[in-house]
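Visitor: here are the coordinates; sequence isn't available:
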């Protein structure tokens, strides 16, 4: 007989479902309704609930926050990659990586210019918590001595 190990990962499908499971309804003040708003920051760590949801971090605790913040790394070829966490099952999130050479003008793949600015590198890697790590490199800016990345997350209707 063969043993099969099964692991269940409970990943949120929507912001409301995530909030219901991650924001304590028993804390009376400020109210749950106030603390569960998209723009709220119940733990005061500088990330709104929308970003906490999108990046898979905790809205009421700053523990392990650094593990959830996007970062830049060099791959084996020396190419800079922007790395961010993404909710795997969410049906109401849109993630867009934007690039800039001057921190003033920002571009992304679907901005209407018809250009490709970023490309995903390889397959996303599973984190075991319902999120995955996505690696993105800039495309077409290789000759630039400066490339800046930022992540734009939008709550869409699911």
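Guide: Perfect, I can see it now. These numbers come from a predicted model, not from an experiment.
Visitor: all strands for the protein, in order.
Guide: Ranges of strands in the chain, per DSSP state E, are 71-74, 80-87, 93-100, 118-120, 125-126, 131-138, 148-155.
Visitor: buried stuff in the last one?
Guide: Of the residues in strand 148-155, those buried by neighbour count under the rule 16 or more other CB atoms under 10 Å are 148, 149, 151, 153, 155. Any C-beta I mention is one placed from the backbone N, CA and C, and that applies to glycine too.
Visitor: pick out whichever of those residues sits closest to residue 27.
Guide: residue 155 (23.3 Å; CB to CB).
Visitor: and of the strands of the chain, who's closest to residue 1?
Guide: Nearest to residue 1, of those and by CB to CB, is strand 125-126 at 27.7 Å.
Visitor: verify the contact between residue 61 and residue 47 for me.
Guide: No - with contact taken as CB atoms under 8 Å, residue 61 and residue 47 are classed as non-touching, separated by 11.5 Å.
Visitor: can you list the low-confidence ranges for this protein?
Guide: 141-143, 158 (pLDDT under 70).
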